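Student: structure for the following, please:
(2 chains)
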Amino acid sequence: MPANLCITPDLGKEDMDPEVSTRMIILSSKANVSESEVVNFLHMLNLPITIKWTCYGAMISGKDEYVREAIRELRKLDHYGIFTKERGFAPGDPRRCRGHRYGPREGFHQMEKEFRILDYVGEALKNPREVEIEKKEPVSVDYFKEILEEENKKEDDK
Amino acid sequence: MVKVAIYPPNSLVLADLIERKGHTPLALQKQIRQKIKDPEIDSPPMNITEEDPINGLKYAAIEVPSGVRGRMSIIGPLIDVAEAAIIVDGAPFGFGCVGCARTNELSIFCLRKKDIPVLEVVYPDDEDGTRLMVNQIMEFLDSLPGGGGDLEGDSDVLGEPIANKGGK
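Tutor: Okay, the predicted model is just below:
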């Protein structure tokens, strides 16, 4: 496993630019767009950004202003099905990219968990309504005693 | 626009909801990126420099393991600049990126101790729970100054980069 831990990447000029940011675009499973549509749309914007097609959606990297513009335009496709977050590493960085590693990248497991509730989050944003959740409370001691006594009585009667 | 600390600090749902309301999420990724761009570190951010545990002394005592202090040197500056916080409680094992229970406890303690509005929500596992969480978060974000932005992200989507106060 040392290869995983000791990669010294050959970082490009863009990777070292402090103005460059990377965003992950994650689609919920009820999104009205597919990954390929998202990627095509991003290419059609004709912005100077790096676009990577991924299994969860896409990843874009470039100057902050262009990335911001791309996200703003992209959200218009589906307000409630497209989610984005910042990413620390550039697309394809050998320290994170699964293609250069032996297992899932760090952060995958949390994204997997959050992906499961993305549909519900989108639905809650689209049709907000009040909900009340009843908290399940433990059985009271008195009730528990009552049941035990009843059961004991039944046993004794036998 | 308010800088909102989130816990777990890399949460997609929290960061996205905060951006939708026009605030700035204090996500850990921005801090990590600053480390990645440091040409002096061979394999960032798996390597911490000797300065990191020293910077972490601002948040944890010397007896505290260096792992906690090293982590706090990255998370601590986010807590310092936070003007509000959203914490997810009761999350399943593996939720969050910190990988250290003591750092999680210390960070949440620091956020609670700080005199800022804090919202604590329960990690949802069904539709109603998620609705409740989203409603609570949206209500909280609306109550913050400069909140109530629209969903189209017309306001500042990405926010200003955070100064790495605790870094080199």
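Student: torsion angles phi and psi at residue 66?
Tutor: By default, I'm working from chain A. phi -70, psi -40 (degrees, to the nearest 10).
Student: OK, contacts around the closest residue to it other than its chain neighbours?
Tutor: Closest residue to residue A:66 apart from its sequence neighbours, by Cβ to Cβ, 6 or more residues apart in numbering or on different chains: residue A:47 at 4.5 Å. Backbone N, C-alpha and C define where each C-beta goes, glycine included. Contacts for residue A:47 (Cβ atoms under 8 Å, 6 or more residues apart in numbering or on different chains) come out as A:62, A:66, A:69, A:70.
Student: out of those residues, who's nearest residue A:143?
Tutor: residue A:70 (59.2 Å; Cβ to Cβ).
Student: name the helix or strand for that closest one, please.
Tutor: Using DSSP states H and E, residue A:70 maps to helix A:64-75.
Student: can you give me the buried ones in that helix?
Tutor: A:64, A:66, A:67, A:68, A:69, A:70, A:71, A:74, A:75 (16 or more other Cβ atoms under 10 Å in any protein chain shown).
Student: can you give me the pLDDT of the residue nearest to residue A:66?
Tutor: As predicted, residue A:47 sits at a pLDDT of 94.
Student: mind listing the helices for chain B?
Tutor: Along chain B, counting by DSSP state H, helices occupy B:12-20, B:28-36, B:51-55, B:66-81, B:101-113, B:127-143.
Student: among those, which is nearest residue A:134?
Tutor: helix B:127-143 (9.9 Å).
Student: what about the closest one, distance to the chain center?
Tutor: Counting by Cα atoms, centre = their mean, to the nearest Å, helix B:127-143 is centred 18 Å from the centre of its parent chain.
Student: hmm, the helix or strand containing residue A:61 touching chain B?
Tutor: Using DSSP H and E, residue A:61 falls within strand A:57-63. No - judged by Cβ under 8 Å from any Cβ of the partner chain, strand A:57-63 stays clear of chain B, getting no closer than 10.9 Å.
Student: and stretch A:99-118, by the same measure?
Tutor: Yes - contact of stretch A:99-118 with chain B (Cβ under 8 Å from any Cβ) involves A:106, A:107, A:109, A:110, A:111, A:113, A:114, A:117, A:118.
Student: and residue 137, what's its pLDDT?
Tutor: Went with chain A since none was named. At residue A:137, pLDDT is 87.
Student: you looked at the wrong chain, it should be chain B
Tutor: pLDDT for residue B:137: 95.
Student: let me see the contact set for the nearest residue to it once chain neighbours are set aside.
Tutor: Distances taken as Cβ to Cβ, 6+ apart place residue B:17 nearest to residue B:137, at 5.3 Å, with adjacent residues excluded. Contact partners of residue B:17, counting by Cβ under 8 Å, 6+ apart, are A:121, B:134, B:137, B:138, B:141.
Student: ok, so of those residues, who is nearest residue A:31?
Tutor: Proximity of the contacts of residue B:17 to residue A:31 (Cβ to Cβ) peaks at residue A:121, which lies at 11.8 Å.
Student: quick one: what helix or strand has the closest one in it?
Tutor: helix A:108-126.
Student: residues near residue B:26, how many?
Tutor: Neighbour count for residue B:26, taken as other Cβ atoms under 10 Å in any protein chain shown: 27.
Student: over to residue B:81?
Tutor: Counted with other Cβ under 10 Å, residue B:81 comes out at 13.
Student: again with residue A:26
Tutor: Neighbour tally, residue A:26, other Cβ under 10 Å: 24.
Student: right, and the helix or strand after the helix or strand in which it is found?
Tutor: Assigned by DSSP H and E, residue A:26 belongs to strand A:20-27. Under the assignment DSSP H and E, the closest C-terminal helix or strand after strand A:20-27 is helix A:35-44.
Student: contacts for the next helix or strand after that next one, please.
Tutor: Next along the chain after helix A:35-44, taking DSSP H and E as the criterion, comes strand A:50-53. Strand A:50-53 is contacted from outside by A:14, A:35-36, A:39, A:42-43, A:58-62, A:90-92, using Cβ under 8 Å, 6+ apart.
Student: OK, contacts around residue 140?
Tutor: Chain wasn't specified; assuming chain A. So residue A:140 contacts nothing (Cβ under 8 Å, 6+ apart).
Student: think we crossed wires, I meant chain B
Tutor: Contacts for residue B:140 (Cβ under 8 Å, 6+ apart) come out as B:84, B:86, B:117, B:119.
Student: anything in the lowest-mean-pLDDT helix or strand in chain B near chain A?
Tutor: Of all helical and strand segments in chain B, the minimum by mean pLDDT, DSSP states H and E falls on helix B:28-36, at a mean of 83. Yes - Helix B:28-36 reaches chain A (Cβ under 8 Å from any Cβ) through B:28, B:29, B:30, B:31, B:32, B:33, B:35, B:36.
Student: that's all I had, so thanks and see you.
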